[in-house]
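Novice: Fold the following, please.
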Amino acid sequence: MNFIVFPGQGSQKIGMGKKLADNFTVARDVFEEVNDALNFNLTKIIWEGSDSEVSLTSNAQPALMACGVAAFRVLSKIRNKNITQLADFTCGHSLGEYTAMTVSEVFPLKDCAILLRLRGEAMQKAVPVGKGAMAALIGININKTKEIIQKVQIHGVCDVGNDNADGQVVISGDIKAVEKAIELSKNSGVKRAVLLPVSAPFHCRLMEPAGVIMEKALNNLDFKVPKIPIISNVSASDHTDPTELRKNLINQVTGTVRWRETMQFANNIGIKKIIELGSGKVLTGIAKRMLNNVSTECFENPEDFENII
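Specialist: Numbers count the residues shown, from 1 in each chain. I've put the predicted structure just below:
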């Protein structure tokens with residue numbers, strides 16, 4: 001069985017998707033449709049802008065989605081297969097779940113672009129700059145992380161933002177609480193604890209104002225039954241019911257990205273190949289470290305498709 005995955009924020013970089021657009025009409029069409037939906041030239045920003053412009057969450061989210069959809073459409077065209085023939089399940093890391101739903105035809109590309117632009121703006125506005133923070137804790141497990149963040153609640157909100165892999169957890173919340181958690185983690189066996197260069201504390205309770213905005217927007221959007229099951233970030237299990245898919249995206253704003261459990265789910269159901277589409281190779285890197293007897297493929301640039309052209 002095959003599993004298609006799409007990256008989340010942190011995988012963005014200047015120039016992402018440009019080579020695909022220059023070499024494949026189906027990819028270029030994706031970026032043009034996203035530009036039209038947003039009513040401004042997003043591709044000019046991600047192809048010619050600065051690091052700060054590309055990393056701004058309201059730009060990075062729709063841009064990463066566009067790169068993932070573009071890579072999928074190139075793969076689909078080259079292999080002459082649709083989503084049901086290419087994979088048995090799909091999912092994405094945080095915003096990547098929106099990409100997965102787009103290629104699974106839960107909602108149209110243009111609607112996804114508008115949603116992710118709104119999501120990025122809402123998440124950025126939810127917490128004043130400088131008030132929140134996220135930190136990566138390397139070499140410590142989820143249970144020990146939960147013990148640490150429980151001890152720092154007196155300093156403010158601190159939640160598990162991403163449970164990415166064994167020994168790779170991201171915490172999120174008020175900057176004082178996160179900094180205190182980093183301090184405590186150094187006495188709890190952590191190999192490395194570093195603040196992340198993010199513009200807001202995503203996937204924690206401080207994102208509740210953004211959750212309200214996204215709930216309203218998502219409730220106004222028609223969700224279709226996906227062509228293949230979606231594995232949700234917040235449940236780490238598969239879903240096909242449109243009502244559940246909508247609820248999962250709403251809960252995802254403040255909820256933990258349960259990627260470690262998602263990979264475990266993939267392993268338990270017998271996934272044999274993980275295909276990462278879009279910018280970077282972060283997710284297949286995690287899969288290689290966690291899963292045995294699973295092959296991986298990454299498709300980002302034209303040269304990645306050469307062996308199947």
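Novice: which residues of the stretch 201-309 of the chain score low on pLDDT?
Specialist: Applying pLDDT under 70 to the stretch 201-309 of the chain flags residues 307-309.
Novice: what about the strands in it?
Specialist: 230-231, 238-239, 273-277, 295-299 (DSSP state E, counting those that start in this stretch).
Novice: possible to save those strands as JSON lines with mean neighbour count and distance to residue 69?
Specialist: Where you see a C-beta, it was placed from the backbone N, CA and C, and this is true even at glycine. Putting those into JSON lines (neighbours: other CB atoms under 10 Å; distance: least, CB to CB, whole Å) gives the following:
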{"stretch": "strand 230-231", "mean neighbour count": "25", "distance to residue 69": "15"}
{"stretch": "strand 238-239", "mean neighbour count": "18", "distance to residue 69": "20"}
{"stretch": "strand 273-277", "mean neighbour count": "24", "distance to residue 69": "8"}
{"stretch": "strand 295-299", "mean neighbour count": "18", "distance to residue 69": "12"}
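Novice: which residues are contacting stretch 238-252?
Specialist: Under the contact criterion CB atoms under 8 Å, 6 or more residues apart in numbering, stretch 238-252 has outside partners 89, 94, 97-98, 101, 106, 203, 211, 214-215, 218-219, 221, 223-226, 229-235, 265.
Novice: Adding distance to residue 182, write the strands of the stretch 201-309 of the chain out as a markdown table.
Specialist: Shown next, in a markdown table, are the strands of the stretch 201-309 of the chain (distance: least, CB to CB, whole Å):
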| stretch | distance to residue 182 |
| --- | --- |
| strand 230-231 | 31 |
| strand 238-239 | 35 |
| strand 273-277 | 30 |
| strand 295-299 | 32 |
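Novice: Out of those strands, which is closest to residue 43?
Specialist: Closest to residue 43 of the strands of the stretch 201-309 of the chain, according to CB to CB: strand 273-277, at 17.9 Å.
Novice: buried sites along stretch 79-96?
Specialist: Residues of stretch 79-96 classed as buried by neighbour count (16 or more other CB atoms under 10 Å): 83, 86-96.
Novice: And for stretch 175-184?
Specialist: Buried positions in stretch 175-184, judged by neighbour count with 16+ other CB under 10 Å: 175-182, 184.
Novice: now do stretch 117-133
Specialist: So, applying 16+ other CB under 10 Å, buried residues of stretch 117-133: 117-124, 126-127, 132-133.
Novice: In the protein, what residue spans correspond to helices?
Specialist: For the chain, the helices defined by DSSP state H cover 18-23, 25-38, 42-48, 51-55, 57-79, 83-86, 96-103, 109-126, 142-151, 175-185, 208-219, 242-252, 259-268, 282-290.
Novice: tell me the residue furthest from the middle of this structure?
Specialist: In the chain, counting by CA atoms, centre = their mean, residue 187 sits farthest out from the average C-alpha position, at 30.8 Å.
Novice: Roughly how far does that residue sit from residue 148?
Specialist: Using CB to CB, to the nearest Å, residue 187 is found at 9 Å from residue 148.
Novice: thinking again about what came up before, buried members of the contacts of stretch 238-252 into PyMOL, please.
Specialist: A single PyMOL command selects the buried members of the contacts of stretch 238-252 (16+ other CB under 10 Å):
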select buried, resi 89+94+97+98+101+106+203+211+214+215+218+223+226+229+230+231+232+233+234+235+265
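Novice: Quick one, which of the strands of the stretch 201-309 of the chain gets closest to residue 163.
Specialist: Among the strands of the stretch 201-309 of the chain, strand 230-231 comes nearest to residue 163, with 14.3 Å by CB to CB.
Novice: Show residues contacting that closest one.
Specialist: Among residues not part of strand 230-231, those counted as contacts by CB under 8 Å, 6+ apart are 89-91, 97, 100-101, 104, 106, 237-240, 245, 248, 262, 265-266.
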